[in-house]
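> I would like to see how this sequence folds:
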Amino acid sequence: MVKGQSGGFVMTPHKVSICILLQVYAPSGQLSVPYPFDSISQHNRLGLFLIALTKSCDDILEPTLDEFLKLLKEFGVLYNWLTDHVTGRLSSLSSPDDLFTFFSELRGILAGLETSIIDDDQINLDPNSNLGMYLRRCMLAFNTLSFEGTCHLLRNIKTYCKEVFSPYEMSHLDDASNDPEAPLEYENMDLENIVLQNFTEELESRKRSNERVPFHNHSSKALFSLVEDITVSPGQKVKRNHRSQMQTQPPGVESSDVILQRTNWQIQGYMSEQADMIEKLGSSFPMSAFESVLKLLQKVAPELHRVHFLRYLNSLYHDDYSAALENLSRYFDYSAGMEGSDFVPPLSCMNNGRYEIALLTLGMTHFHFGHPKLALKVLTEAVRVCQMHSDDTCLAYTLTAICNLLSEVGISNITGIMGASDSHVSTSMSVQQQLFLLLRRTLKRADSLKLKRLVASNQLALAKFDLKHVQRPLLSFGPKASIQLRTSPTNVCKKLRLSSQLIHQFDNESSVVTIDGALSTSWLKNQRKPTTTLVFPPESGPESNRDTFYSWLQSSSVPGSVLQLVGSSYLVSATSWELYGSASLAQSNALLFANCFADSSSSADLALAYGKLIQHLAVYKGYKEAFAALKIAEAKFLSVSKSGILPVKLQLLHERALHRGHLKLAQQICDELGVLASSVTGVDMEIKTEASLRRARTLLAANQFSEAASVAHSLFCKCYKFNMHVENATVLLFLAEIHKRSGNGVLGIPYALASLSFCESFNLDLLRAAATLTLAELWLLLGPRHAKRALNLIHSAFPIILGQGGLELQSRAHIAEAKCYLSDSSISVSEDPDIVLDSLRQACEGLEALEYHEMAAEAYYLMAIVLDKSGQMEQREESAARFKQHITALENPIKPEDPLVNLL
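Got it, this is the predicted structure:
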């Protein structure tokens, strides 16, 4: 191929064929519908076909002329005429002058930029359209060719045509005569080895001249035949001369395999796509054929170390474990410091680049296995090494790793992380201020380096930060400065959207390895099947339309890391809507993640999504459906049950044990939940907080008020130390609950008000409604004169409670409302009992589903009193019997026989 075009847009015979069709589509100087089209629809269909072809022009394997004619046949419109025209036009290109004349004619297709008056029926290509841009690229590529390059292109066109034409038809293209009686001794010759020797000689000659090879030469037909598991037909007759060159008979004819250049970027994309296919197909993937391709790639381009990884996958999924282990070891030996990350250090500083990548990997390993201090120490050293070697890319990734560590792990002091030499950072800054500043700097650095995935990851980290932290100014300007100490849900949503938009722009990043035009190639292949476009859905219903969408999604070459990051944004979005109090949106985002990103996401994230859905069922549907879903999840996530599913299971069992009155079982479950958390300070803070809070709830259920308050106070101090302010709101509300249960409403009101203040600062709408309900119950404890105030508070919280609250919260609200009506002397319950009975009946329905004996007994007790005052004796006796049933079940709990409990 011609020098100066390596890695760029290279003219090939296939592109010349597309240009011929473009000339048919928009002939210069013709009006209305051009010949040979009968209607505008035929003309438009050819335009769509050409757009698909131009978008897939950069695929690794370009179609041969025979395959191109098959595409025309499947296209169906004017097949015979188009085939004759394309083949005839290619045959007429017999000299460089013919090529110059052809490309000169193509200039007349484009509408001039200076043209101001154009006939409405004139057919011209807009230079800025898809087809116009493609045609301009072709003309520019041809104009930059030297005379030697033009002759080389002409020779490739001749070889391109020989695959279809007979020797008689091609006789005027060849300088030598064809010999149909050539000997058959070369029919079974190994074509790949012959091509391989040519490639190896060329690469060795370039290496001897100290030239870097930014591309790889491949015989498209040989590789295509191997990939598709098609053997070379015996009709191909080749011979090798004394210079090991592959030629057809007679010697004067060029090779039937067109040698084309492919960039490293394209080859890596091909290998990534094949790795995904191996993991999807497993043992059904053709092993021997693909192994031949990998051997060829390994010999042609030994610097592509990912070939060893593909050979490892191929051997692993075909149960050849010894070969798999050997290839995996080779992959690690050859690719140390150069693969496994999205950036590769320059060759001039490869040793230094490997060292800082090793430090980054070591720090992430310490973090993964629960050693945050060691991880922070190693990552700080990696920052120093990156700055010393001016490795900006590795520095950006290292700072992102530090941000993730500080976000996920509770560290109370990170002095020195920002650098002692930074004069803009105050040593008195809090942990969250330093973390916020570090997140902003990391995002700016990744954006300046055009690292799209890293930018999206930092946007996601900023969304998590804004979700649970109030942004305070880093500098104070006095007490008169107006500061709004609240989180911003709008900023969180914006950052989550920016992070999820990565899937639309991932192909702009230079580090993404994928195949050019893969999406348009899949669209072109779908054109062969009727009713497969999304614009016109098939008549078979929404099911087939959904299958079409999923088949398009699976055929796209979006990298797995990009899909995983986009899926994480939906998972964070589900968490945010849980905190903001929208149960329906939280469930929708969790379902979207579980259905669309299950294959590309990690097992831990998928288990977390399943856990959220199970907890949603328990809160809004009851334990029966939740435990049924839990059994399915446990069977699916056996390998990660301890990290993802087991905490959810223990929380459900503890909740049900408290509702049923099984306090010993509840204490045992609390101990099991505490064991899951690491003993290292700052690690697994969510599990530790959950275990402490549930232990306090167990003590409260046993009426041990002082012990429960002591545990809650200790938990509040721990959460405040590690800046877990959202958890503090829950702990403060629980302290108010303790005082409510002990009958001391005066001491409980300040805690409820403090919890309300936290909820307003962090926009925790559902928790604020629960705190408002608790405050109303505390006012009601102070006497009947506060019944109206309590009722107003309950009614103000009703919209959120009834719209987004769970069964327990709704039942509590209905019972509290009934108590307010019964305590208010201005309301005659005997005259209008339905105002109380309706609320109590709704409360009983939810409490029966939750098996909450204590609160259900209270609801039936109040219902019996109201029925007695209204003179409904039969219903009163029924309510009294239900009250006795729940009290008996609470005082004499039956030993559970649930198989899930026996697994503890």
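> So, low pLDDT: which residues of the stretch 351-500 of the chain?
Across the stretch 351-500 of the chain, the ranges flagged by pLDDT under 70 are 351-353, 410-430, 471-485.
> and if we set it to 80?
Applying pLDDT under 80 to the stretch 351-500 of the chain picks out residues 351-354, 370, 409-434, 469-488, 499-500.
> residue boundaries of the helices in it?
Per DSSP state H, counting those that start in this stretch, the stretch 351-500 of the chain carries helices over the ranges 372-389, 392-408, 431-448, 452-468, 489-500.
> Against residue 294, how distant is the closest residue in space to residue 278 that isn't next to it in sequence?
Closest residue to residue 278 apart from its sequence neighbours, by Cβ to Cβ, 6 or more residues apart in numbering: residue 313 at 4.7 Å. For the C-beta atoms, the positions are set from N, CA and C on the backbone; glycine is no exception. According to Cβ to Cβ, to the nearest Å, residue 313 and residue 294 sit 10 Å apart.
> same question, residue 302
Using Cβ to Cβ, residue 302 is found at 12 Å from residue 294.
> So the two - more neighbours on which side?
residue 294 (21 against 12; other Cβ atoms under 10 Å).
> buried residues in the helix or strand harbouring the more buried one?
Assigned by DSSP states H and E, residue 294 belongs to helix 287-300. The neighbour-count criterion (16 or more other Cβ atoms under 10 Å) identifies 290-294, 296-300 as the buried residues of helix 287-300.
> Tell me the one among those nearest to residue 141.
Of all those, residue 141 sits closest to residue 300, with 24.6 Å by Cβ to Cβ.
> what about the closest one, distance to residue 491?
In terms of Cβ to Cβ, residue 300 sits 51 Å off from residue 491.
> chain center to stretch 87-97: distance?
Distance of stretch 87-97 from the chain centroid (Cα atoms, centre = their mean, to the nearest Å) equals 49 Å.
> sorry, back to before: from residue 469, how far out is the residue nearest to residue 278?
42 Å.
> Also residue 573?
To residue 469, residue 573 is 17 Å away according to Cβ to Cβ.
> Comparing the two, which shows the higher neighbour count?
Set side by side, residue 573 and residue 469 give different neighbour counts by other Cβ under 10 Å, the larger being at residue 573 (26 against 18).
> Go ahead and confirm the more buried one touches residue 591.
No. Shown here, residue 573 and residue 591 do not form a contact pair, counting by Cβ atoms under 8 Å, at 11.9 Å.
> So residue 311 belongs to a helix, correct?
Yes. Assigned with DSSP: H, G, I helix; E, B strand; the rest coil, residue 311 falls within a helix.
> Use 4 as the first number for this chain going forward.
New numbering, starting at 4: the last item is residue 314.
> residues contacting it?
Contacts for residue 314 (Cβ atoms under 8 Å, 6 or more residues apart in numbering) come out as 294, 297, 301, 326, 330.
> right, and out of the residues you listed, which lies closest to residue 801?
Closest approach to residue 801 among the contacts of residue 314 (Cβ to Cβ): residue 330, at 64.6 Å.
> who are the neighbours in contact with the closest one?
311-312, 314-315, 318.
> How many residues are close by residue 575?
Neighbours of residue 575 under the rule other Cβ under 10 Å: 22.
> typo on my end, residue 362
That count, for residue 362 with other Cβ under 10 Å as the rule, works out to 21.
> gap between it and residue 292?
For residue 362, the distance to residue 292 equals 41 Å [Cβ to Cβ].
> So the closest residue in space to residue 625 that isn't next to it in sequence versus residue 153, what's the distance?
Using Cβ to Cβ, 6+ apart and skipping the chain neighbours, the partner closest in space to residue 625 is residue 852 (3.6 Å). Distance of residue 852 to residue 153, computed by Cβ to Cβ: 80 Å.
> correct me, but residue 628 touches residue 620?
Yes. Using Cβ under 8 Å, residue 628 is in contact with residue 620, at 4.8 Å.
> Out of the helices of the stretch 354-503 of the chain, flag the one nearest residue 751.
Set against residue 751 and scored by Cβ to Cβ, the helices of the stretch 354-503 of the chain come closest in helix 455-471, at 25.7 Å.
> Output the contacting helices and strands for that closest one.
Applying 3 or more Cβ pairs under 8 Å, 6 or more residues apart in numbering; DSSP states H and E, one finds that helix 455-471 contacts helix 395-411, helix 434-451, helix 492-503, helix 563-583.
> among those helices, which is nearest residue 22?
Smallest distance to residue 22 across the helices and strands packed on helix 455-471 (Cβ to Cβ): 34.0 Å, for helix 563-583.
> Helix or strand next in line after the closest one, which one?
Next element after helix 563-583 (DSSP H and E): helix 586-599.
> then that following helix to CSV, C-alphas only?
Extracted in CSV, the C-alpha atoms of helix 586-599 (Å, rounded to 0.1, in the frame of the first residue of the first chain):
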residue,chain,number,x,y,z
ALA,A,586,-40.3,4.1,45.2
SER,A,587,-41.7,3.7,41.7
LEU,A,588,-38.7,5.4,40.0
ALA,A,589,-36.3,3.5,42.2
GLN,A,590,-37.9,0.2,41.2
SER,A,591,-38.0,1.2,37.5
ASN,A,592,-34.2,2.0,37.5
ALA,A,593,-33.4,-1.2,39.3
LEU,A,594,-35.5,-3.2,36.8
LEU,A,595,-33.9,-1.4,33.9
PHE,A,596,-30.4,-2.2,35.2
ALA,A,597,-31.3,-5.9,35.8
ASN,A,598,-32.8,-6.4,32.4
CYS,A,599,-30.5,-4.3,30.1
